[in-house]
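Novice: sharing a sequence plus its predicted fold:
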Amino acid sequence: MTATRGSVSEATPPPRAPVTVELRYRSAPLRNGTPAELRLTAPASAMVLSGVVTATRADSGGRPQFATMDVKLNPPGEAIGAAVDRLAFEFRGITALVAASQAAPRAHLIRYLRAIINCRFVELDQKRLAEPGAIGNIDLALVDLDSSGPAGYELYAQLRQHAEARTAPVLALAQSERDRVRAASLGFDEALSNPPAFAELQAATLRCLGRPSLVVVGS
């Protein structure tokens, strides 16, 4: 919500706009008026917002078919903002995997990430990439494709099969545009230059962590 200057005096606040969430999902559209819940989850806590479906639209233009659902949430915007602030305040950090065969690029990426988010780190070099149990439960992964080579692509495949890391966003770092295009085609969530500019890594990291890892729509 963006505040703009106008003729309304400070004693008369502008009317609150309704808070609406739009979801796009593979399913049959739900009827208008159907109760719905939006669950926001952070590592330390969670909150549930109740609402009601106000509009549904079937989209038959693509395969598989998607439906779009608008859910009007009951709390006003201020209440939702306070709840989200509480989630952020109680947040205790995530675990990030940083994979590069050399210590210098790993240290560079870790220094950048520490300035962006509250993180614990798992470091993987060339020798540890194939170790059983080296991945563990992670929330984010950065893979230096220049130093790890083919093992970096293999690591991505392992992450997508790993029970505790399959939904974690994976960022690829590569000097070559060809390697970045290849990474994007394989499904990496982001493909960045190597070494990335701080602003570039910051924006990509926040984009990835801001995406929902799971959306469940039930009747």
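Specialist: Looks like it came in fine. Numbering: from 1, shown residues only.
Novice: so what strands line up beside the strand ranked longest in the chain?
Specialist: Criterion DSSP state E: the longest strand present in the chain is strand 46-59. When sheet partners are counted by DSSP bridges, strand 46-59 sits next to strand 35-41 (antiparallel), strand 66-73 (antiparallel).
Novice: next, the buried residues of it.
Specialist: Buried residues in strand 46-59, counted by 16 or more other Cβ atoms under 10 Å: 49, 51, 53, 56. For glycine as for every other residue, the C-beta is placed from the backbone atoms N, C-alpha and C.
Novice: now the last one: how far from Leu38?
Specialist: Plainly put, Thr56 is 16 Å away from Leu38 if you go by Cβ to Cβ, to the nearest Å.
Novice: mind checking the strands paired with strand 46-59 for the one nearest to Pro169?
Specialist: Smallest distance to Pro169 across those (Cβ to Cβ): 15.6 Å, for strand 35-41.
Novice: and that closest one, what's buried?
Specialist: Using 16+ other Cβ under 10 Å as the test for burial, strand 35-41 gives 36, 38.
Novice: ok, stretch 171-184 next?
Specialist: Residues of stretch 171-184 classed as buried: 171-174, 179-180, 182-183 (neighbour count, 16+ other Cβ under 10 Å).
Novice: nearest to Ser147 among those?
Specialist: Of all those, Leu173 has the smallest distance to Ser147: 9.0 Å, by Cβ to Cβ.
Novice: how much space between the closest one and Ala204?
Specialist: Per Cβ to Cβ, Leu173 is found 10 Å from Ala204.
Novice: any shared contact partners between the two?
Specialist: Contact criterion Cβ atoms under 8 Å, 6 or more residues apart in numbering; residues bridging Leu173 and Ala204 by contacting each: 192, 196.
Novice: break the chain into its domains for me.
Specialist: Domains of the chain are assigned by automatic domain parsing as 20-90, 94-210.
Novice: reformat those domains into CSV and put mean pLDDT next to each item.
Specialist: Below are the domains of the chain laid out as CSV (pLDDT from 0 to 100):
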stretch, mean pLDDT
domain 20-90, 68
domain 94-210, 85
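Novice: need the winner for burial among those.
Specialist: Burial of the domains of the chain is given as mean neighbour count (mean count of other Cβ atoms under 10 Å); domain 94-210 ranks first at a mean of 17.
Novice: what's the end-to-end length of that one?
Specialist: Start-to-end span of domain 94-210 (Cα to Cα, to the nearest Å) is 13 Å.
Novice: stretch 32-46 too?
Specialist: Using Cα to Cα, the end-to-end distance of stretch 32-46 comes out at 27 Å.
Novice: all strands for this protein, in order.
Specialist: For the chain, applying DSSP E gives strands covering 20-25, 35-41, 46-59, 66-73, 94-99, 119-124, 140-144, 170-173, 190-192.
Novice: go through the ones you listed and name the closest to Ala199.
Specialist: Comparison of these against Ala199 by Cβ to Cβ identifies strand 190-192 as nearest, at 11.0 Å.
Novice: and that closest one, what does it pack onto?
Specialist: Strand 190-192 sits against strand 170-173, helix 177-186, helix 198-210, with contacts defined as 3 or more Cβ pairs under 8 Å, 6 or more residues apart in numbering; DSSP states H and E.
Novice: can you add distance to Asp146 and give these back as CSV?
Specialist: Shown next, in CSV, are the helices and strands packed on strand 190-192 (distance: least, Cβ to Cβ, whole Å):
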stretch, distance to Asp146
strand 170-173, 7
helix 177-186, 8
helix 198-210, 15
